[in-house]
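K.L.:
no letters, just coordinates:
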């Protein structure tokens, strides 16, 4: 009725508002905790280092540093590995896959939320070369899913339920789009970029109304985070910190046309380094999948990486003899004097005695002369390998910030080079930060192969639109250069995990391929009134998510396909079985089942093996006609793969029934079939051997 | 082959680059001409006015002003009315409809280009209350279509042809998306907003690759325009003017949380005034459609409006006695002393002796105290009615700038009010410009009901992302307030013109409606081998764009639908007839027709009545099997309207064949059928009585 529609409409907006608020609160909390505890950690280390540099007991702070990193990181790694492995990494590839239509079990669970949010705090405090921004998209998505379902499901089948208005796949996916957008928006202060991030992947479902809601939610998240972080710094109404990370305001960010060629060269460098990053990380991922499969080994590896990071940081601070008297721009920065004269500090300490984010700020904003070229060179090489090693660990961590740090470091080197080329032009000195920014953008483009949304995120992050143009150009060029060599890091991830993500377009030259060549056969079908025993056996042995219902003409043999009557989902069948909606042949079937039951049991975590049916009941029949979808989407077997692709993407399908010219079902095509075909059709770095994630 | 695909890929990028360059050149040229000639016009008038104010001959400048406006505007109106009427207005609703999948005859022709671009220059120079920004989207689209087709088609069937690689509907639409984005980007310096503008309407075709190309083109256009306009002002490498209109840089655009309530009130005001604008303009449009149908009357009306604008401007300058000694921020501004003391000038002249764009700049940037409240009040009332009257004239004109001017004027009034509430806080005085900006945004939201893309455009235009949040909020609120009363101006336009634009979502509560209820019947079908005479007769009498091909089973009567074999398009049939691809029954049909022929004759401006076939040939037969599409999209008659809608939007269809459960065609659904249903299902301001634009 109209009233119900109006209530739903209003509720959707309210929930989106709450999603934004929730994400902002989370972002604020993470920021506060990381900044406060991190500051104490590094302050303590600095004092220790300074004292021991004089007293000659430097082995002490190093061991303590390594021990802290080890313990904290191992805690975080245990949380992820044992509580919810899907919380590992940045979560962005998973969230994108989810929005693309792939179900990933546990992705939006309370466990994942706990592992993700606490895990990322521990990763940063554990000193890993990673960021807290990427995971915000995932966390935001989980908050949105929880608020959308109106339910918290605790481990052990207990749950708190508030409302059940929106418990269907489609609605939840819309909310998750809002949550992911809010997460990105809170992390980067980029509401437009966050919105694009969500809608570009779920574009088949783009609609104006939803986009507004997503945008609204992203806006609230950005605003809320801004408010909270401003409040922490004592000026709640000033609203000067729209996101967790922010390239802050560059005083004078203009560029001259003649600088463009330099930027282009930087873009090529970024693309090449980025491709190297992806290739190395791919090899490492394959190695991990082969040899580091045990959970405790994964946890141990994370601990080792964290300790090595501390050790590397110390060795660099110890060995690179770069003392500077320039003060860092950020007055909260922690620098160690080490062996420098009084009034000076070790410039490497400025990069390592801080979170990766603080390191990025230093590279972008510290004055000319803070870092020598050799310092930056050593730093960038070490940090590159640390970044490669860190990404893919079984911890909650983002790859945005490390990418930016690597790029900012070599970008700053190029800036220093430009200054030394024109020693008489002193205004170039203030431009080293600008080159660092361009370098950061190039590196991000080279590693992640930024999409439109990431481009907008960077531009919003910079806070200066007139500088957006060169940033866009370098992002595009570095993407092309990188794409020429390998796929991007996220795509590599998606392929290695075997997620059946649909590409934007059908593979080229597949107009000749017919649907019948990609469909799954043989097809398991049910009759409108089906034997309970057969249903149970089929569900136990088939992994398919939907079954066509056909009416066999009486005179035909049973192996001949009959007319298509409808489609019933696996999840519906399990609910019907669980509720025992069946009866002896000829009797009246019980109908004590409501839409609510289907909703309550969503998402289908009833396992078919948990359903017990007596031997007598196996002989009963189930009338499916009132539960099936009488008008499922179908495609003719003779249609081309291109058309099949368009249907899948355009309508956001998960499966489609293939019929012959007599409209009899002859097969099914699922996302997995399409993704498999894509992988086979494509020569490239990565080959899918086995699809590990179920596409239900 | 792979090589061909690679060449096509590269060519697409090159063409998109050229589209961006072309749009930038056009934008630069229009800007230069309007600024130069406009400056001379107003300078001359100012001198005349100042002299006559002393000598008492004020009737002379008024008459001259009115005469100039009359002549220039009538020239522009003639150009539009007699050369290509589709060039009237801003073109944005038309371009959006085109991207949505509606064909509008002549929209992308050379005539439209000439009428649009020269027309808009004349409209502005003719003193109308309109902007040159809206038409840029349309002009950019035409440039893109021309470059994409590689052909210029002159009136009288002559044409210059360069290449024909991309002469199909889909490719051209992609290029037009890029052109429209470039136009918007060049006009507002908003590459992201421009890209969104294009893709949000054509979202069913969104794909990553295309979006990148569109973005690239928008970027080039923005960059090029920036370069050209910077070059005009003598600093080509400074790149300080990213778009035609720019809210310029506000020195200190920060906001305090406590200002939000004021902004919200302003948003409500903007929504209300906007709704009033739409209602009045709707009544005027209906009046025009009923009574002002003759071409010369349309031209005359435009001339009258232009003269009245001049007269109103003079009367206001004459009667409102507001003298100020504050200098305008823009040193090129022209102000008249009129009856003011020496050293002062008439502040109303600051608003009228300039283009509407200059007026907007003055309202946003001139210092506190330049305008008195009463001046602004009188101005806003008069300009509001001039704006209502101007929009919908048969001239090329945009509604963006007038909307912004109205909003900026009352926004500035509110700013002055805030200052007088807190007389002791002098820092509020510098905020009047900020309130003018918010007012402008509110008014735009209220009149146009900004979509996501327009929001991004405004934010990019402001050039300051941290101020984006309040702008987003007011745009959303003013949209809601306005939507509560009427549809937006563009939607009203689309509906009044009867363009079958598909909405984002199916109308609510239509799950119960079956496809069979909206489809067109009876269906005209052809047989695989069809009689030429029948084909010609059908094409002459039916307006449908596609015909199912069915095979009748021999034993059935002819009125029984047969099995669906394929679909043939009207355009294909006309080409086949034109090329005389038919023969006597039993003979071998000529096959001297190539894909190139179908391309060359695209878009189908062969009229069926121009094809001459002898009486003997009418008895011949045409074998359609090798030309038909053997796998057209179909839908079952029992499917719900919701599913039908999703198919149309998701796949960007123009028509779909409705089949019964035996897969026999029983009807067709076109966009028009859907749009008609929508109009009937919706209670609202506007009712479609007749669909005037063909949906072929």
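P.N.:
Arrived safely. Everything quoted here is computed from the prediction, not taken from an experiment.
K.L.:
is the longest helix seen in chain A anywhere near chain B?
P.N.:
Longest helix in chain A, counting residues (DSSP state H): helix A:2-55. Yes: Helix A:2-55 lies within reach of chain B by Cβ under 8 Å from any Cβ of the partner chain, at A:2, A:5. (Each C-beta comes from the backbone N, C-alpha and C, glycine too.)
K.L.:
at the geometric centre of chain A, which residue sits there?
P.N.:
residue A:92 (0.8 Å; Cα atoms, centre = their mean).
K.L.:
who are the packing partners of the following helix or strand past the longest helix of chain A?
P.N.:
Using DSSP states H and E, the helix or strand that follows helix A:2-55 in sequence is helix A:59-78. With contacts defined as 3 or more Cβ pairs under 8 Å, 6 or more residues apart in numbering or on different chains; DSSP states H and E, the packing partners of helix A:59-78 are helix A:2-55, helix A:110-125, helix A:295-319.
K.L.:
now residue A:194: how far from chain B?
P.N.:
Remark: distance between residue A:194 and chain B (Cβ to the nearest Cβ, to the nearest Å) = 12 Å.
K.L.:
do the same with residue A:210
P.N.:
Here residue A:210 is placed at a distance of 8 Å from chain B (Cβ to the nearest Cβ).
K.L.:
so for residue A:283, which of the helices and strands packed on helix A:59-78 sits nearest?
P.N.:
Among the helices and strands packed on helix A:59-78, helix A:295-319 comes nearest to residue A:283, with 15.2 Å by Cβ to Cβ.
K.L.:
which residues does the following helix or strand past the closest one contact?
P.N.:
Sequence-wise, the next helix or strand downstream of helix A:295-319 (DSSP H and E) is strand A:323-324. With contact meaning Cβ atoms under 8 Å, 6 or more residues apart in numbering or on different chains, strand A:323-324 is reached by A:339-341, A:344-347, A:369-371.
K.L.:
what pairs with strand A:323-324, and is each one parallel or antiparallel?
P.N.:
Using DSSP bridges, the strands paired with strand A:323-324 are strand A:345-346 (antiparallel).
K.L.:
what's in contact with the partner strand?
P.N.:
A:317, A:322-325, A:335-340.
K.L.:
and if we set it to 6 Å?
P.N.:
By Cβ atoms under 6 Å, 6 or more residues apart in numbering or on different chains, the surrounding residues in contact with strand A:345-346 are A:317, A:335-338, A:340.
K.L.:
cool, stretch A:431-448 as well?
P.N.:
Here stretch A:431-448 makes contact (Cβ under 6 Å, 6+ apart) with A:263, A:266-267, A:270-271, A:273-274, A:277, A:363-365, A:368, A:403-404, A:406-408, A:410-412, A:414-415, A:458, A:471, A:474-475, A:478-479, A:482, A:488-489.
K.L.:
thinking again about what came up before, residue B:110: which of the helices and strands packed on helix A:59-78 is closest?
P.N.:
helix A:2-55 (46.2 Å).
K.L.:
pLDDT of that closest one, averaged?
P.N.:
Helix A:2-55 shows a mean pLDDT of 90.
K.L.:
what do you get for stretch A:67-79?
P.N.:
Per-residue scores along stretch A:67-79 average to 94.
K.L.:
who touches that stretch?
P.N.:
Outside stretch A:67-79, the residues that touch it by Cβ under 6 Å, 6+ apart are A:115, A:118-119, A:122-123, A:125-127, A:299, A:302-303, A:306-307, A:310, A:394-395.
K.L.:
hmm, 8 Å instead?
P.N.:
With contact meaning Cβ under 8 Å, 6+ apart, stretch A:67-79 is reached by A:41, A:87, A:114-115, A:118-123, A:125-128, A:298-300, A:302-303, A:305-307, A:309-310, A:393-396.
K.L.:
what number of residues lie near residue A:607?
P.N.:
Residue A:607: 10 surrounding residues under other Cβ atoms under 10 Å in any protein chain shown.
K.L.:
rewinding a little: mind checking which of the contacts of stretch A:67-79 are buried?
P.N.:
Neighbour-count burial (16 or more other Cβ atoms under 10 Å in any protein chain shown) is assigned, among the contacts of stretch A:67-79, to A:41, A:87, A:114-115, A:118-123, A:125-128, A:298-299, A:302-303, A:305-307, A:309-310, A:393-396.
K.L.:
show me where chain A has its strands.
P.N.:
Secondary structure of chain A (DSSP state E): strands located at A:151-153, A:159-161, A:323-324, A:345-346, A:529-531, A:546-551, A:563-569, A:621-623, A:634-636, A:655-659, A:665-670.
K.L.:
spatially nearest residue to the residue in the stretch 501-650 of chain A that chain B sits nearest to, not counting backbone neighbours?
P.N.:
Closest residue of the stretch 501-650 of chain A to chain B, Cβ to the nearest Cβ: residue A:650 (3.3 Å). Nearest-residue entry for residue A:650: residue B:650, 3.3 Å, with adjacent residues in sequence omitted and distances by Cβ to Cβ, 6 or more residues apart in numbering or on different chains.
K.L.:
quick check, that neighbour in contact with residue A:653.
P.N.:
No: counting by Cβ atoms under 8 Å, residue B:650 sits too far from residue A:653 to count as a contact (9.4 Å).
K.L.:
overlap in contacts, those two.
P.N.:
In contact with both residue B:650 and residue A:653: residue A:647, using Cβ under 8 Å, 6+ apart.
K.L.:
anything in stretch A:625-644 near chain B?
P.N.:
Yes: Stretch A:625-644 lies within reach of chain B by Cβ under 8 Å from any Cβ, at A:630-631, A:633, A:636, A:638-640, A:643.
K.L.:
determine which two of the contacts of strand A:323-324 are furthest apart.
P.N.:
Maximum distance among the contacts of strand A:323-324 (Cβ to Cβ): 19.2 Å, for A:339 and A:369.
K.L.:
buried stuff in stretch A:369-376?
P.N.:
Neighbour-count burial for stretch A:369-376, counted by 16+ other Cβ under 10 Å, picks out A:370-372, A:375-376.
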